[in-house]
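Asker: Fold the following.
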Amino acid sequence: MTERFCVKPTCRNYADFTLSYDYDSRVMVIGPLSPELAAGGYDLCEVHASRMKAPSEWTLIRNPGSA
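Answerer: Model (predicted):
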């Protein structure tokens with residue numbers, strides 16, 4: 001697997017987690033880094049994954065092993 005970087009602008013950290021969205025259910029999910037780049041997935045480092053907050057009326061789910 002190739003090392004991937006956090007998608008946040010100017011962040012040079014390696015990605016540890018993948019953030020995905022379910023727009024219909026208004027749910028955000030942060031889980032372990034997906035093995036491959038996923039369509040609609042956003043790779044985040046530990047720092048940015050731990051700072052992620054859901055917008056109003058959305059739910060953020062952090063799977064075990066996520067920040």
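Asker: Once you drop chain neighbours, what's closest to the spatially most distant residue from the centre of the chain?
Answerer: For the chain, the C-alpha farthest from the mean C-alpha position belongs to residue 57; by C-alpha atoms, centre = their mean, that distance is 18.6 Å. Closest residue to residue 57 apart from its sequence neighbours, by C-beta to C-beta, 6 or more residues apart in numbering: residue 26 at 6.1 Å. For the C-beta atoms, the positions are set from N, CA and C on the backbone; glycine is no exception.
Asker: check contacts around that neighbour.
Answerer: Going by C-beta atoms under 8 Å, 6 or more residues apart in numbering, residue 26 touches 57, 58, 59.
Asker: Pick out the residue nearest the middle of this structure.
Answerer: The centroid of the chain falls nearest to residue 19 when counting by C-alpha atoms, centre = their mean (2.3 Å).
Asker: any chance you could map the helices in the protein?
Answerer: 46-51 (DSSP state H).
Asker: what stretches of it score poorly on pLDDT?
Answerer: Applying pLDDT under 70 to the chain flags residues 1-2, 65-67.
Asker: How far off centre is stretch 13-33?
Answerer: 4 Å (C-alpha atoms, centre = their mean, to the nearest Å).
Asker: Now the terminal residues of it, how far apart.
Answerer: One end of stretch 13-33 to the other measures 13 Å (C-alpha to C-alpha, to the nearest Å).
Asker: Can you point out the buried residues in it?
Answerer: By 16 or more other C-beta atoms under 10 Å, the buried positions in stretch 13-33 come out as 15, 16, 17, 18, 19, 20, 28, 29, 30, 31, 33.
Asker: Not counting residues beside it along the chain, what's closest to the first one?
Answerer: Setting aside the residues directly before and after it, residue 15 is nearest to residue 43 in space (C-beta to C-beta, 6+ apart), at 3.5 Å.
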